[in-house]
Structures are given as structure tokens and as C-alpha cells.
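[1] Okay, sequence plus prediction incoming.
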Amino acid sequence: MALFDWLFGRSPEAPQLDQPLAAASAKRTPEIVHPPARPNFSHAHRVPEGSFRFIALDVETACSDAASICQIGLACVQPDNQIQTFSMLVNPGTRFDPFNIQLHGIGPDHVVDAPRFPDALSLLLPLLTTHHLVQHSNFDKQAMNAACGFCGLTTPDLRWSDSVIIARRAWPELKGNGGHGLANLKRTLNLQFHHHDAGEDARAAALVVLHAEAYLSMPFEELILPKMPATKSRFPTKPTPAANPNGPLVGANVVFTGNLKMSREEAAGLAARAGMEVKAGVTKQSTHLVVGDQDLSVLAGHTKSTKHRKAESMRDAGHPIQIIGETEFRKLLSGADIK
């Protein structure tokens, strides 16, 4: 509570900071850093000062619109790896969805007296522009840019890296084994933080980077460099099956998202036999999106994947794309006499 007491003016003392992580030799046994108590959502304006190694940034949104930022959190990593955590509420000037309120606990009553995004950005920009920023997934950058667009602001030129990519580099074995979302990394790395609070999630992203540095014995500056191209695998991935030119669904273009009961390979094969083009991403040529079960821990606070949300946006704009589940997909193939 000392950090938040200091931020909210209840104590003249400086905040207590996280202790540095264990040395690189203590791989996979990093020090457990206990988080402060969950904030009471009072917005603070005392931004951390100084020169930091990097700053992790996280946002929470009021609704499914990425521009609806209602909380911004920062985790500023000092040269000694101690962390200053800061968060502030933001009045998004838009609706709050029940799902988002349940997720992070912030509602319209909490942000009545909070600054609007242009004022919040003006307050934070001097710090953000002089440091390298870390986000956990690309959502936070997208949200900041979307909020700038919504408010008619020029998108600032900020330097971003993704702690998901860093985590994949450090712990590739987690792919298919819980993944690299904060929820699974919390369990794997024994992190202690309150998920879906912007300040806490920013601190968690910073800790992921510090753990990766220790585990790989590699500094942050090297972790964010692009990986060298991988050598050609002895076991190349199977190419997407070609569409049957005589299939009953020739001209259709299908994309899959989420986990289907059948394998992706089987689903792609059935679609191709029916004459459908199978693609990896949603484009203007897409006619069908087949949606399976979603793992909420990897959706950055959303209930739908990026493909799903893009398809909905295109459909709302008048693009004739059908969003169907696996059952409807099977019925579509059955009607085309494909089993």
C-alpha cells in the first residue's frame, strides 16, 4: 500500500520498490516479488521521474472499442532493476461494457473526475518518448494509437517491444503448454500480481523481461533485437491444400480461428475439397470465418480473437462475410455433399 499511499498523497515518503531479481545463475528460481495491495482506483498524477532501463505499459479499456482506455499503468525499471509502478484512471468518454467492468472492476463512477485521454497522454508523453516501452501483446500499442485517433491527436512516435515475443524466446516449451499469456507466465514464473489492473499488469510484463534476462543471461537490448532467420526445418509445415476447382463452393474463401473439435489440417482439407480457398488471415476476399473455442487468457482482455473482431468490423461495414461456428461449418459442407 506504500506505493499507492504515496501516489495518492497520503504519505510524504517515497514508494517502496520491488527488489532486484536473482542473478542469472539462479535460472528458473527467480525471487518472488510480492505486489502491493490492489489500488482503490483513485487516479494519481505524480508520474515517476528519472532515467529508466525501460518502461512497461499496460492499459484497460471500458468496452470492446480499443480506443476506450480507462486506465493506464506504467512499470519503470531502474538501472538496479527495482521497479516504480504507477497507474492512473482515464475518462474514456464512451460506454462501459459489463464484461469489461467485471474484468477489471472499473466502472463509469470511478472515472467521473478522471482526466480525458488527451490530458493523460500530455502528462505521460515526456516520460514515454524518452524510454523504450514494453507491452505484453500488441494490444496496448493498438489501444494507445486508437485513442489518439479517436481524440484527433497525432500518434506519437514511441519505441515498442513485446514481452510475449521475449517470453517465447526464453521459454519456447510453453507453446502448446499453456502459452505465453500473463496468466500462464504467472504460474510458470511464480509471479505475484493482480491480473487486469493496468499498473499490476505493467509490472508483470516488466518482471517477465527481467526473468528472461536472468534466464538467458542476455540484456534487454539484445532480447529486443530481431531473431536471426531460422534454418530450414527438416520437417517443413504442410502447405495449405489447394481448392478443388470442381467443388460446389468454388469462390469461397475461409479462415479458421480458435480451437475446433477437428484438427485444423482436417478442417482445411474438407474446405479445400469443397472448393474453398483456405487462408491464414481475414482479408477483403474472405467469405467465411469459422470460429472455434477461444482461450481467454491469450486475448488481451477480449472475448474474441483479432480475426473475429476484424471480421465483425468488416461485416458491419457491409462486407459479405459469414461468421459461423464449427457446427454450421459442418452443415455447410454437408449441404455441399462433403463429409
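    Perfect, I can see it now.
[2] Let me see the mean pLDDT of whatever helix or strand Q142 lives in.
    Using DSSP states H and E, Q142 sits in helix 139-150. Average pLDDT, helix 139-150: 96.
[3] I'd like to know which elements the helix or strand that comes right after that helix is packed against.
    Proceeding N to C from helix 139-150, the next assigned helix or strand is strand 159-162, under DSSP H and E. Helices and strands touching strand 159-162, as assessed by 3 or more Cβ pairs under 8 Å, 6 or more residues apart in numbering; DSSP states H and E, comprise strand 132-135. (C-beta placed from N, C-alpha, C; glycine too.)
[4] Kindly recompute the last result at 10 Å.
    Counting contacts by 3 or more Cβ pairs under 10 Å, 6 or more residues apart in numbering; DSSP states H and E, strand 159-162 packs against strand 54-61, strand 132-135, helix 139-150, helix 198-216.
[5] Please identify which of those is closest to L333.
    helix 139-150 (33.8 Å; Cβ to Cβ).
[6] Going by contacts, tell me the helices and strands next to that closest one.
    Under the contact criterion of 3+ Cβ pairs under 10 Å, 6+ apart, helix 139-150 touches strand 54-61, strand 69-77, helix 117-128, strand 132-135, strand 159-162, helix 198-216.
[7] picking that back up, go through the helices and strands packed on strand 159-162 and name the closest to A243.
    Of the helices and strands packed on strand 159-162, nearest to A243 by Cβ to Cβ is helix 139-150, at 32.4 Å.
[8] now the closest one, how far from the chain's geometric center?
    Offset of helix 139-150 from its chain centre (Cα atoms, centre = their mean, to the nearest Å): 13 Å.
[9] do the same with stretch 133-150
    9 Å.
[10] mind listing what's buried in the helix or strand hosting E222?
    Assigned by DSSP H and E, E222 belongs to helix 220-223. For helix 220-223, the neighbour count (16 or more other Cβ atoms under 10 Å) marks 220, 223 as buried.
[11] quick revisit: let's have the helices and strands packed on helix 139-150 in CSV, adding distance to A243, mean neighbour count and mean pLDDT.
    Formatted as CSV, the helices and strands packed on helix 139-150 follow (distance: least, Cβ to Cβ, whole Å; neighbours: other Cβ atoms under 10 Å; pLDDT from 0 to 100):
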stretch, distance to A243, mean neighbour count, mean pLDDT
strand 54-61, 38, 27, 97
strand 69-77, 42, 27, 97
helix 117-128, 45, 16, 96
strand 132-135, 38, 22, 96
strand 159-162, 34, 17, 96
helix 198-216, 41, 26, 93
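[12] Would you reformat the ones you listed as JSON lines and include distance to S263?
    Compiled in JSON lines, the helices and strands packed on helix 139-150 are given as follows (distance: least, Cβ to Cβ, whole Å):
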{"stretch": "strand 54-61", "distance to S263": "34"}
{"stretch": "strand 69-77", "distance to S263": "38"}
{"stretch": "helix 117-128", "distance to S263": "43"}
{"stretch": "strand 132-135", "distance to S263": "32"}
{"stretch": "strand 159-162", "distance to S263": "28"}
{"stretch": "helix 198-216", "distance to S263": "31"}
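[13] Select, out of those, the one closest to T283.
    Nearest to T283 among these is strand 159-162 (23.4 Å), distances taken as Cβ to Cβ.
[14] Starting from the closest one, tell me which strands it pairs with and how they run.
    strand 132-135 (parallel) (DSSP bridges).
[15] quick one: F99 and S64 touch, right?
    Yes - contact criterion Cβ atoms under 10 Å: F99 and S64 qualify, at 8.1 Å.
[16] Between the two, which is the more surrounded one?
    Per other Cβ atoms under 10 Å, whichever of F99 and S64 has more neighbours is S64, with 16 against 12.
[17] ok, and the closest non-adjacent residue to that one?
    D97 (6.2 Å; Cβ to Cβ, 6 or more residues apart in numbering).
[18] Check the burial of that neighbour by counting its neighbours.
    Neighbours of D97 using other Cβ under 10 Å come to 16.
[19] give the contact list for it.
    61-65, 68, 103, 303 (Cβ atoms under 10 Å, 6 or more residues apart in numbering).
[20] that older thread, now the helix holding Q142 against strand 54-61, angle please.
    60 degrees (axes from the mean of the first three to the mean of the last three Cα atoms, to 10 degrees).
[21] Of all the helices and strands packed on helix 139-150, which one is nearest L270?
    That would be strand 159-162 among those, by Cβ to Cβ, at 34.3 Å.
[22] Give the next helix or strand downstream of that closest one.
    Using DSSP H and E, the first helix or strand after strand 159-162 is helix 163-170.
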